[in-house]
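Visitor: for reference, the sequence and a predicted model appear below.
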Amino acid sequence: GSSSCCVVVTSRNRLGDLVARDGAHALALDLLLPAEARALLGEALGPDRLAAEPPAVVTELIRLCGSLPLALRVAAARLAGDPGLRVADLVAELSEGSRLQALAPDDEGSSPLRTAFAASYRRLSDRARLLFRLLGHFPRGEFTAEAGAALLDDSPTQARRLLGSLAAAHLIEPATAGRYRFHDLLREYAQEIAQAEDTAADRAAAWERLLLWYLHAARSAAGTGLFPELPGDLDRGDRRGMPSAAEAAQWLQAEQANLLAVIHHAARHGPRPVAWHLTAALFGYFWLHLPRTPWQSTARTVLEAAVAEDDLPGQAAMHHHLGVIWWDRGHVKQAMAHHTRVLEISRSIGWAAGEVAGLGGTGAVEWSMAQLDSAYEHATAGLRIIREAGYDYAETFGLIILGATCRDLGRLHEAAGHLELAIRRNVGASWWDESLALQILGSVYWELGRLTDGLDVLGPQVAAEERRGYSNERAMMLDALARINIELGNHDEALLQAE
């Protein structure tokens, strides 16, 4: 043709060679929008047939087909070929069993979707095909090159190149920078071919590498929790791609769904010890960021796994989590029962770290119940064990409880010392949030008459809490700030803060 002619080349692959060698312009097509998907179904079925179906059911069909044009056309072909088949029937079939099988015409098993996916899959290198199959069993979330490297037992650099190949073949899709995800139908296809091409032992080994990588990465980002040392069978695996201190907070937030999925998988399918070591490491993160209902459900599941494994430290660690959750929810009786169990187990096996956690939790509950002398005794005993053993986990929590107890006992100078030490000890720690310590310290400074110091610690923190949306902590800090400003004669500012 002449120079004014254009050639349109379509492919499931990105055709990078055409772009690089021939100056082609790539135009990526996204999934269909809801209105476009409905229009496609209406064209295939006829407007009357589609209008007769409940809109919500049609929307669910589009969702189950993932807005893929080919999947929607196959679904429409099944509906058009059987006038007695309702959209709700097909939705139920897609929801209850294999979507790929439900979208295969006439029970032939040779779904057009499988054919299209297989064409892209066969063009991949052996390593890319292996990664695709292994990723099919990844938790339903986003994954990274580091996770892919753990599955493959390879480097993150190599895994990143292979993920690029999978994305170029549209077998996975980019989610955000450095993170990828599966379309549900492609995930099912990956699982199918993994069952056919990989042995159960190979799949299990890949999963174990992934679980251990997440355990080490979480401990790198969030701290070690009650278990500063791992048992030998867990203290192995590739440590490449661990999040740095600067990346820790962002990594934990991005990986939260995957971490929970990994914990539940380990608790149910093994290796079970991964579940409680990982949950224990994430205590600080869960305290600050995880809603209490999923945290409680996770801790209960892991406790059941620790009981099944007859692992006493694992049981004590999960009783510690559950005690803190119940305490935070205001259920002191249930909280005390869990903390008592932590102490019983830890003392029976001579586990100092667990005893410290139990003493701190008991002190917190007693403080909430205004049993201040007992709270002081238990918090002080916990700190004494920490210092004798040279073990600093839970020291921060113990110092805060002791500081709050001393404040309420009227021992204000002692309270300030404990709270200031808690803040100094954890400067720069990725898992640490100083808002609770600052909140109590601000009120102590107010009672001591150290009004300028109170403004200095509370003012910047109130602004930070507003940005993060922590409403409870911010409200209590504003109350303390209002009291300080009243003392200083700043009545207008105090009124704004009190409101």
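Guide: That came in fine, so what should we check first? Keep in mind that this is a model prediction, so the values were computed, not measured. Numbers count the residues shown, from 1 in each chain.
Visitor: give the contact list for the spatially most central residue of the chain.
Guide: Note on the chain: the residue nearest the mean C-alpha position is residue 256, at 1.0 Å, using Cα atoms, centre = their mean. Applying Cβ atoms under 8 Å, 6 or more residues apart in numbering to residue 256 gives the contacts 289-290. Every residue, glycine included, has its C-beta placed from N, CA and C.
Visitor: quick one: it from residue 286, how far?
Guide: Residue 256 sits 9 Å away from residue 286, going by Cβ to Cβ, to the nearest Å.
Visitor: now for the two: what residues contact both?
Guide: Counting by Cβ under 8 Å, 6+ apart, nothing touches both residue 256 and residue 286.
Visitor: surely residue 494 meets residue 482?
Guide: Yes: taking Cβ atoms under 8 Å as the definition, residue 494 is a contact partner of residue 482 at 4.4 Å.
Visitor: residue 130 - how many residues pack around it?
Guide: 20 (other Cβ atoms under 10 Å).
Visitor: what about it, helix or strand, and which?
Guide: Element membership for residue 130, per DSSP states H and E: helix 126-135.
Visitor: centre of the chain to the following helix or strand past that helix, how far?
Guide: Counting by DSSP H and E, the next helix or strand C-terminal to helix 126-135 is helix 145-152. How far helix 145-152 lies from its chain's middle: 17 Å, per Cα atoms, centre = their mean, to the nearest Å.
Visitor: try stretch 250-263
Guide: 3 Å.
Visitor: show the average pLDDT along it.
Guide: Confidence for stretch 250-263, expressed as mean pLDDT, is 95.
Visitor: the helices in the stretch 151-300 of the chain, which residues?
Guide: Remark: helices assigned in the stretch 151-300 of the chain by DSSP state H, counting those that start in this stretch are 156-168, 184-197, 200-222, 248-254, 256-269, 272-281, 283-289, 292-309.
Visitor: what residues sit buried inside the fifth one?
Guide: Judged by neighbour count using 16 or more other Cβ atoms under 10 Å, the buried positions of helix 256-269 are 256, 258-267.
Visitor: go through those residues and say which is closest to residue 45.
Guide: Nearest to residue 45 among the buried residues of helix 256-269, counting by Cβ to Cβ, is residue 261 at 37.5 Å.
Visitor: nearest spatial neighbour of that closest one, skipping sequence neighbours?
Guide: Using Cβ to Cβ, 6 or more residues apart in numbering and skipping the chain neighbours, the partner closest in space to residue 261 is residue 139 (3.3 Å).
Visitor: so what does that neighbour have for phi and psi?
Guide: phi -50, psi 150 (degrees, to the nearest 10).
Visitor: residue contacts, it?
Guide: 257-258, 261-262, 265.
Visitor: same thing but at 10 Å, please
Guide: By Cβ atoms under 10 Å, 6 or more residues apart in numbering, residue 139 lies in contact with 147, 210, 214, 257-262, 264-265.
Visitor: quick one on the thing from earlier: among the helices of the stretch 151-300 of the chain, which is nearest residue 241?
Guide: Across those, closest to residue 241 is helix 156-168 (Cβ to Cβ), at 4.4 Å.
Visitor: poorly predicted segments of the chain, please.
Guide: Segments of the chain classed as low confidence (criterion: pLDDT under 70) are 1-4, 10-23, 25-30, 106-110, 391-394, 427-433, 461-474, 499.
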